[in-house]
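**Q** this one's sequence-less:
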Ligand code: ATP
(Lines give C-alpha, C1' and ligand atoms only; values in the text may rest on other atoms or scores of the structure.)
Protein backbone atom coordinates (compact mmCIF):
# COMPACT_ATOMS: atom_id res chain seq x y z
CA UNK A 1 0.00 0.00 0.00
CA UNK A 2 2.84 2.40 0.92
CA UNK A 3 6.46 2.04 -0.09
CA UNK A 4 9.35 4.36 0.78
CA UNK A 5 12.53 3.71 -1.11
CA UNK A 6 15.87 5.31 -0.22
CA UNK A 7 14.39 8.47 1.30
CA UNK A 8 16.72 11.26 2.36
CA UNK A 9 15.12 14.32 3.95
CA UNK A 10 17.01 17.42 5.04
CA UNK A 11 16.33 20.61 6.93
CA UNK A 12 18.88 22.83 5.20
CA UNK A 13 22.22 21.23 5.99
CA UNK A 14 20.77 18.90 8.65
CA UNK A 15 20.13 15.41 7.33
CA UNK A 16 17.07 14.13 9.22
CA UNK A 17 16.44 10.89 7.27
CA UNK A 18 19.12 8.78 5.59
CA UNK A 19 18.25 6.10 3.07
CA UNK A 20 14.93 5.22 4.73
CA UNK A 21 13.05 2.38 3.07
CA UNK A 22 9.89 0.89 4.51
CA UNK A 23 6.72 -0.79 3.42
CA UNK A 24 3.18 -0.97 4.75
CA UNK A 25 0.73 -3.58 3.53
CA UNK A 26 -3.01 -3.13 3.42
CA UNK A 27 -4.67 -4.04 6.73
CA UNK A 28 -1.59 -3.67 8.91
CA UNK A 29 -0.72 -1.59 11.92
CA UNK A 30 2.98 -0.78 11.58
CA UNK A 31 4.82 0.88 14.47
CA UNK A 32 7.63 3.35 13.78
CA UNK A 33 9.70 3.58 16.95
CA UNK A 34 12.66 5.64 18.09
CA UNK A 35 13.93 8.14 20.60
CA UNK A 36 13.36 11.89 20.53
CA UNK A 37 14.88 13.39 17.41
CA UNK A 38 15.32 10.03 15.63
CA UNK A 39 13.31 11.28 12.65
CA UNK A 40 9.87 9.76 13.25
CA UNK A 41 7.88 12.96 12.74
CA UNK A 42 10.02 13.85 9.74
CA UNK A 43 9.16 10.46 8.19
CA UNK A 44 5.43 11.16 8.55
CA UNK A 45 5.78 14.73 7.22
CA UNK A 46 7.74 13.41 4.24
CA UNK A 47 5.06 10.81 3.49
CA UNK A 48 2.19 13.30 3.71
CA UNK A 49 3.95 15.83 1.47
CA UNK A 50 4.61 18.51 4.11
CA UNK A 51 8.36 18.19 3.47
CA UNK A 52 9.88 17.02 0.18
CA UNK A 53 12.57 14.35 0.21
CA UNK A 54 15.88 15.22 -1.40
CA UNK A 55 16.26 11.75 -2.82
CA UNK A 56 14.19 8.57 -2.91
CA UNK A 57 10.64 7.69 -3.91
CA UNK A 58 7.30 7.26 -2.15
CA UNK A 59 4.50 5.17 -3.65
CA UNK A 60 0.97 4.98 -2.31
CA UNK A 61 -1.50 2.52 -3.83
CA UNK A 62 0.96 1.92 -6.68
CA UNK A 63 1.30 5.63 -7.61
CA UNK A 64 4.23 7.98 -6.88
CA UNK A 65 3.18 10.67 -4.41
CA UNK A 66 6.49 12.38 -3.68
CA UNK A 67 5.71 15.26 -6.04
CA UNK A 68 2.01 15.80 -5.46
CA UNK A 69 0.34 18.39 -3.21
CA UNK A 70 -0.53 17.42 0.40
CA UNK A 71 -4.27 18.08 -0.21
CA UNK A 72 -4.25 15.68 -3.16
CA UNK A 73 -2.47 13.07 -1.02
CA UNK A 74 -5.31 13.40 1.51
CA UNK A 75 -7.88 13.02 -1.27
CA UNK A 76 -6.19 9.78 -2.31
CA UNK A 77 -6.80 8.42 1.19
CA UNK A 78 -3.61 9.10 3.11
CA UNK A 79 -4.28 11.18 6.24
CA UNK A 80 -1.76 12.47 8.79
CA UNK A 81 -2.75 13.26 12.39
CA UNK A 82 0.21 15.36 13.57
CA UNK A 83 1.83 15.35 16.98
CA UNK A 84 0.37 17.80 19.47
CA UNK A 85 -3.36 17.33 18.79
CA UNK A 86 -3.72 20.33 16.53
CA UNK A 87 -7.48 20.80 16.75
CA UNK A 88 -9.12 24.22 16.33
CA UNK A 89 -9.40 25.61 19.88
CA UNK A 90 -12.22 28.06 19.07
CA UNK A 91 -14.42 25.46 17.35
CA UNK A 92 -16.58 22.80 18.95
CA UNK A 93 -15.76 19.09 18.76
CA UNK A 94 -18.54 18.64 16.19
CA UNK A 95 -17.20 21.51 14.07
CA UNK A 96 -13.69 20.10 14.24
CA UNK A 97 -15.00 16.72 13.06
CA UNK A 98 -17.04 18.30 10.24
CA UNK A 99 -13.92 20.09 8.98
CA UNK A 100 -12.22 16.72 8.59
CA UNK A 101 -14.80 15.77 5.95
CA UNK A 102 -14.49 19.00 3.91
CA UNK A 103 -12.38 17.54 1.09
CA UNK A 104 -14.93 14.76 0.43
CA UNK A 105 -17.74 17.17 -0.50
CA UNK A 106 -20.46 14.87 0.85
CA UNK A 107 -23.95 15.97 2.01
CA UNK A 108 -24.55 16.74 5.67
CA UNK A 109 -26.53 13.58 6.43
CA UNK A 110 -23.49 11.50 5.41
CA UNK A 111 -21.24 13.69 7.56
CA UNK A 112 -23.59 13.10 10.50
CA UNK A 113 -23.50 9.33 9.90
CA UNK A 114 -19.70 9.46 9.89
CA UNK A 115 -19.69 11.41 13.17
CA UNK A 116 -21.93 8.68 14.58
CA UNK A 117 -19.37 6.04 13.52
CA UNK A 118 -16.57 7.96 15.20
CA UNK A 119 -18.50 8.07 18.45
CA UNK A 120 -18.59 4.27 18.35
CA UNK A 121 -14.78 4.29 18.46
CA UNK A 122 -14.60 7.22 20.88
CA UNK A 123 -17.82 7.15 22.98
CA UNK A 124 -16.26 9.70 25.34
CA UNK A 125 -16.75 12.31 22.61
CA UNK A 126 -20.56 11.97 22.71
CA UNK A 127 -21.18 14.37 25.63
CA UNK A 128 -18.47 16.73 24.36
CA UNK A 129 -19.83 17.50 20.87
CA UNK A 130 -20.69 21.12 21.71
CA UNK A 131 -17.61 21.83 23.80
CA UNK A 132 -14.91 24.12 22.45
CA UNK A 133 -11.57 22.57 21.55
CA UNK A 134 -9.54 24.58 24.05
CA UNK A 135 -11.65 23.35 26.98
CA UNK A 136 -10.89 19.65 26.40
CA UNK A 137 -8.36 17.56 28.31
CA UNK A 138 -5.31 16.20 26.47
CA UNK A 139 -6.91 12.81 25.91
CA UNK A 140 -10.16 14.36 24.68
CA UNK A 141 -8.23 16.57 22.25
CA UNK A 142 -6.36 13.54 20.96
CA UNK A 143 -9.64 11.67 20.37
CA UNK A 144 -11.00 14.71 18.54
CA UNK A 145 -7.83 15.00 16.42
CA UNK A 146 -7.92 11.33 15.40
CA UNK A 147 -11.69 11.56 14.87
CA UNK A 148 -11.16 14.51 12.54
CA UNK A 149 -8.59 12.49 10.59
CA UNK A 150 -11.05 9.60 10.28
CA UNK A 151 -13.69 11.96 8.86
CA UNK A 152 -11.56 12.11 5.70
CA UNK A 153 -12.16 8.33 5.33
CA UNK A 154 -8.47 7.40 5.09
CA UNK A 155 -7.20 4.16 3.61
CA UNK A 156 -3.96 4.80 5.51
CA UNK A 157 -3.82 6.79 8.74
CA UNK A 158 -0.51 8.23 9.98
CA UNK A 159 -0.60 8.81 13.75
CA UNK A 160 2.17 10.83 15.40
CA UNK A 161 2.62 9.94 19.08
CA UNK A 162 -1.06 9.60 19.98
CA UNK A 163 -0.19 8.51 23.55
CA UNK A 164 2.13 11.44 24.30
CA UNK A 165 1.33 13.18 27.57
CA UNK A 166 -1.76 11.10 28.37
CA UNK A 167 -2.46 9.46 31.75
CA UNK A 168 -1.71 5.68 31.75
CA UNK A 169 -5.35 4.56 31.83
CA UNK A 170 -6.17 6.89 28.92
CA UNK A 171 -3.16 5.54 27.01
CA UNK A 172 -4.63 2.03 27.28
CA UNK A 173 -7.93 3.25 25.84
CA UNK A 174 -6.16 5.10 23.06
CA UNK A 175 -4.27 1.97 21.92
CA UNK A 176 -7.48 -0.06 22.04
CA UNK A 177 -9.22 2.58 19.92
CA UNK A 178 -6.37 2.43 17.36
CA UNK A 179 -6.76 -1.35 17.20
CA UNK A 180 -10.50 -0.91 16.62
CA UNK A 181 -9.88 1.65 13.85
CA UNK A 182 -7.58 -0.88 12.17
CA UNK A 183 -10.07 -3.72 12.59
CA UNK A 184 -12.73 -1.67 10.88
CA UNK A 185 -10.54 -1.49 7.78
CA UNK A 186 -8.03 1.35 8.10
CA UNK A 187 -4.31 0.66 7.71
CA UNK A 188 -2.23 2.49 10.34
CA UNK A 189 1.34 3.78 10.60
CA UNK A 190 1.84 4.48 14.28
CA UNK A 191 4.73 6.66 15.43
CA UNK A 192 5.49 6.08 19.09
CA UNK A 193 8.15 6.25 21.77
CA UNK A 194 6.15 3.75 23.75
CA UNK A 195 7.56 0.56 22.17
CA UNK A 196 5.91 -1.99 24.42
CA UNK A 197 2.33 -0.81 24.10
CA UNK A 198 2.49 0.13 20.45
CA UNK A 199 4.04 -3.22 19.43
CA UNK A 200 1.33 -5.00 21.45
CA UNK A 201 -1.26 -3.78 18.91
CA UNK A 202 0.98 -3.73 15.81
CA UNK A 203 1.69 -6.39 13.20
CA UNK A 204 5.21 -5.17 12.40
CA UNK A 205 7.56 -2.41 13.41
CA UNK A 206 10.60 -0.39 12.37
CA UNK A 207 13.15 1.30 14.62
CA UNK A 208 14.70 4.62 13.60
CA UNK A 209 17.96 5.82 15.08
CA UNK A 210 19.55 9.11 14.00
CA UNK A 211 17.55 9.10 10.77
CA UNK A 212 18.29 5.50 9.78
CA UNK A 213 16.19 2.35 10.00
CA UNK A 214 18.24 0.10 12.31
CA UNK A 215 15.74 -2.74 12.84
CA UNK A 216 12.51 -4.06 11.41
CA UNK A 217 10.59 -7.22 12.19
CA UNK A 218 7.30 -8.75 13.25
CA UNK A 219 6.01 -6.95 16.33
CA UNK A 220 6.70 -9.70 18.87
CA UNK A 221 10.21 -10.40 17.55
CA UNK A 222 11.02 -6.72 17.44
CA UNK A 223 9.90 -6.28 21.03
CA UNK A 224 12.31 -9.05 22.06
CA UNK A 225 15.12 -7.42 20.08
CA UNK A 226 14.44 -4.06 21.72
CA UNK A 227 14.32 -5.63 25.19
CA UNK A 228 17.64 -7.37 24.55
CA UNK A 229 19.30 -4.31 23.09
CA UNK A 230 18.20 -1.81 25.72
CA UNK A 231 17.34 -3.78 28.80
CA UNK A 232 19.66 -6.79 28.60
CA UNK A 233 18.21 -10.30 28.90
CA UNK A 234 14.62 -10.37 30.14
P1 LIG B 1 10.22 13.78 18.40
O2 LIG B 1 9.63 12.64 19.10
O3 LIG B 1 10.98 14.70 19.30
O4 LIG B 1 9.28 14.51 17.49
P5 LIG B 1 11.27 12.57 16.07
O6 LIG B 1 11.83 11.20 16.07
O7 LIG B 1 9.91 12.75 15.53
O8 LIG B 1 11.37 13.16 17.51
P9 LIG B 1 12.04 14.59 14.20
O10 LIG B 1 11.14 15.62 14.79
O11 LIG B 1 11.63 13.95 12.94
O12 LIG B 1 12.31 13.45 15.28
O13 LIG B 1 13.49 15.22 14.05
C14 LIG B 1 14.58 14.58 13.40
C15 LIG B 1 15.77 15.51 13.34
O16 LIG B 1 15.50 16.64 12.54
C17 LIG B 1 16.18 16.04 14.70
O18 LIG B 1 17.59 16.11 14.74
C19 LIG B 1 15.59 17.42 14.73
O20 LIG B 1 16.36 18.29 15.54
C21 LIG B 1 15.66 17.84 13.27
N22 LIG B 1 14.56 18.74 12.92
C23 LIG B 1 13.24 18.47 13.04
N24 LIG B 1 12.50 19.51 12.58
C25 LIG B 1 13.38 20.45 12.17
C26 LIG B 1 13.25 21.75 11.59
N27 LIG B 1 12.05 22.28 11.35
N28 LIG B 1 14.38 22.41 11.30
C29 LIG B 1 15.60 21.87 11.53
N30 LIG B 1 15.79 20.65 12.07
C31 LIG B 1 14.70 19.95 12.39
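**A** That came through fine. The model shown is predicted, which means the values in this text are computed figures rather than measured ones.
**Q** can you pull the contacts of residue 20?
**A** Contacts for residue 20 (CB atoms under 8 Å, 6 or more residues apart in numbering) come out as 4, 6, 7, 8, 9, 39, 43, 56, 208, 211, 212, 213. C-beta here means a position set from N, CA and C on the backbone, and glycine is covered the same way.
**Q** Show residues contacting the host helix or strand of residue 222.
**A** Under the criterion of DSSP states H and E, residue 222 resides in helix 219-231. Residues external to helix 219-231 that are found in contact with it (CB under 8 Å, 6+ apart): 31, 33, 195-196, 199-200, 202-205, 207, 215-217, 234.
**Q** In it, which residues are buried?
**A** 219, 222, 223, 225, 226 (16 or more other CB atoms under 10 Å).
**Q** The residue nearest to the spatial centre of the chain and the ligand: what is the separation?
**A** Centroid-nearest residue in the chain: residue 159, 1.4 Å away (criterion: CA atoms, centre = their mean). Per CB to the nearest ligand atom, to the nearest Å, residue 159 is found 12 Å from the ligand.
**Q** For that residue, name its beta-bridge partners.
**A** According to DSSP bridges, the residues that bridge with residue 159 are residue 81, residue 190.
**Q** what residues are up against residue 158?
**A** 44, 47, 48, 78, 79, 80, 81, 188, 189, 191.
**Q** how about whichever helix in the chain runs longest: buried residues?
**A** If you go by DSSP state H, the chain has its longest helix at helix 168-183. The neighbour-count criterion (16+ other CB under 10 Å) identifies 170, 171, 174, 175, 177, 178, 181, 182 as the buried residues of helix 168-183.
**Q** Skipping adjacent residues, who's closest to the second one in space?
**A** Translated: residue 171. Using CB to CB, 6 or more residues apart in numbering and skipping residues adjacent in sequence, the residue nearest residue 171 is residue 163, 4.5 Å away.
**Q** Does the one you found belong to a helix, a strand or coil?
**A** coil (DSSP: H, G, I helix; E, B strand; the rest coil).
**Q** Counting neighbours, what do you get for it?
**A** Neighbour count of residue 163, defined by other CB atoms under 10 Å: 21.
**Q** do the same with the one 3 residues further on
**A** Residue 166: 19 surrounding residues under other CB under 10 Å.
**Q** picking that back up, shouldn't the residue nearest to residue 171 be in contact with residue 191?
**A** No. Counting by CB atoms under 8 Å, residue 163 sits too far from residue 191 to count as a contact (10.3 Å).
**Q** Flag every residue of this structure that's near the ligand.
**A** Residues of the chain lying near the ligand by CB under 6 Å from any ligand atom: 11, 14, 16, 34, 36, 37, 38, 39, 40, 41, 42, 83.
**Q** how close does the residue lying closest to residue 89 once chain neighbours are set aside get to residue 87?
**A** In space, and not counting its chain neighbours, residue 89 is closest to residue 134: 3.7 Å by CB to CB, 6+ apart. Taking CB to CB, to the nearest Å as the measure, residue 134 and residue 87 are separated by 9 Å.
**Q** Would you format the buried residues of helix 219-231 as TSV with distance to residue 23 and pLDDT included?
**A** As requested, these are exported to TSV (distance: CB to CB, whole Å; pLDDT from 0 to 100):
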residue	distance to residue 23	pLDDT
219	15	96
222	15	94
223	20	91
225	19	88
226	20	84
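**Q** Run the chain-centre distance for stretch 7-23.
**A** 19 Å (CA atoms, centre = their mean, to the nearest Å).
**Q** Buried ones in that stretch, by neighbour count?
**A** Buried residues in stretch 7-23 (16+ other CB under 10 Å): 7, 8, 9, 10, 16, 17, 18, 20, 22.
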